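Trainee: Everything below, folded, please.
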Amino acid sequence: MNSAPQNGKHPHVDPVPQSVPSRAGAAARCWIGNLLMLIAFLGLISEGLIRQADLGMILTILLSAAAGIAVIAVGLFGRKLAMTGRKQRAAIAAHTRAADQRPPVLYLRSFTDDKVVADANVVKGFIQLSTEEEQFAKVLDPIGPFVAIGDPREKLPTLGATRHYVADDKWRQDVEQMLARARLVVLRLSTTKGLVWELQHVFTELDPGRILLLIPGTDKYEVFRNVAALWLPKPLPDLPRKQTKIGSLRGIVRFRSDWSPEFLLVKFSILRASLRSPIAPHLKTMLRPVFEQSGTPWKKPPLGVFSIGMMSFLGLGLLFTMLLLISNS
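Mentor: Numbering: from 1, shown residues only. Modelled structure (predicted):
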């Protein structure tokens with residue numbers, strides 16, 4: 001889970017966010033931010049027209065530079081505004097999800113990993129795609145609501161798991177209570193002190209079928225294995241040569257009833273690819289054994305609209321080319 005501050009305690013925060021933004025304000029920020037990003041994109045296209053115009057070299061350079069700076073500024077501001085709106089929507093949705101009484105899917109990680117899987121800055125360019133954590137929340141929702149302890153330093157919840165904010169002297173107690181109630185515990189491996197404490201409790205108190213390990217794409221896997229071996233009945237396996245990488249992860253490990261660990265294999269499907277949530281359909285296929293192990297019905301990911309459109313476009317292009325060749329023969 002959390003990486004504790006240097007003094008070993010979290011600063012005091014209320015168990016719930018201090019204020020809930022209005023739906024209208026959050027929606028307005030999303031729409032205005034996306035509109036500004038569209039304007040920035042169109043600005044990039046129109047910048048080429050300046051270079052084509054016969055304005056003289058010096059004037060062309062000055063206008064191109066000014067247009068480039070303006071486009072970048074508008075695009076970055078639009079992205080920040082849109083992400084603020086999305087995070088405000090997440091804060092609003094957290095109050096709605098509080099009514100979901102199903103046993104949760106508890107997500108434990110170091111707060112430093114939020115920069116990788118839940119922060120907007122991982123999205124390249126100005127296009128706002130779903131973050132990796134959002135996609136995990138979407139895929140695992142049939143098993144239970146995806147929840148996590150929130151970083152008390154954040155003003156708005158990061159996108160993905162529903163955050164619960166706890167007092168500085170109660171986070172371990174809250175984690176123990178959530179572990180006892182969780183239907184599934186998803187733990188992103190790290191060697192921070194807070195997460196190592198959680199790792200020990202997960203391995204010593206839970207049934208193996210309720211544990212899912214996320215292996216980050218770093219060179220510290222051997223360190224993770226050595227730490228986990230302190231409590232696991234069976235050691236984590238060697239990194240497989242088969243395809244197990246997905247998103248920022250080197251792989252995902254689940255446990256059989258006898259604590260035998262196994263890496264889950266990735267099966268990519270072009271027809272089910274999604275432009276907005278690029279790893280979600282493949283992640284859902286990858287986690288099928290986890291659904292079956294938890295007794296949760298599993299459904300195939302839907303066909304991707306973008307993929308079907310591209311395949312149809314290519315098919316029509318090929319058909320047109322064939323008809324053209326036949327007519328000219």
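
Trainee: Nearest residue to Ile252 in space, please, no chain neighbours.
Mentor: Leu264 (4.8 Å; C-beta to C-beta, 6 or more residues apart in numbering). All C-beta spots, glycine's among them, are computed from the backbone N, C-alpha and C.

Trainee: Go ahead and confirm the one you found touches Arg250.
Mentor: No. Counting by C-beta atoms under 8 Å, Leu264 does not reach Arg250; the two are 11.8 Å apart.

Trainee: Spell out which residues are contacts of both of the two.
Mentor: Residues within reach of Leu264 and of Arg250 at once, by C-beta atoms under 8 Å, 6 or more residues apart in numbering, are Thr244.

Trainee: what about Ala137, neighbour count?
Mentor: Neighbours of Ala137 under the rule other C-beta atoms under 10 Å: 24.

Trainee: Break down the stretch 1-150 of the chain into its strands, ranges please.
Mentor: Read by DSSP state E, counting those that start in this stretch, the stretch 1-150 of the chain holds these strands, from start to end of the chain: 105-108, 146-149.

Trainee: I'd like the ones you listed as a markdown table, with mean pLDDT, mean neighbour count and distance to Asp174 appended.
Mentor: As requested, these are arranged in a markdown table below (pLDDT from 0 to 100; neighbours: other C-beta atoms under 10 Å; distance: least, C-beta to C-beta, whole Å):
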| stretch | mean pLDDT | mean neighbour count | distance to Asp174 |
| --- | --- | --- | --- |
| strand 105-108 | 95 | 26 | 11 |
| strand 146-149 | 91 | 24 | 7 |
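
Trainee: Save those strands as JSON lines, and put in distance to Phe320 too.
Mentor: Output for these, formatted as JSON lines (distance: least, C-beta to C-beta, whole Å):
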{"stretch": "strand 105-108", "distance to Phe320": "48"}
{"stretch": "strand 146-149", "distance to Phe320": "46"}
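
Trainee: of all those strands, which lies closest to Cys30?
Mentor: Using C-beta to C-beta as the criterion, the shortest distance between Cys30 and the strands of the stretch 1-150 of the chain is 21.3 Å, found for strand 146-149.
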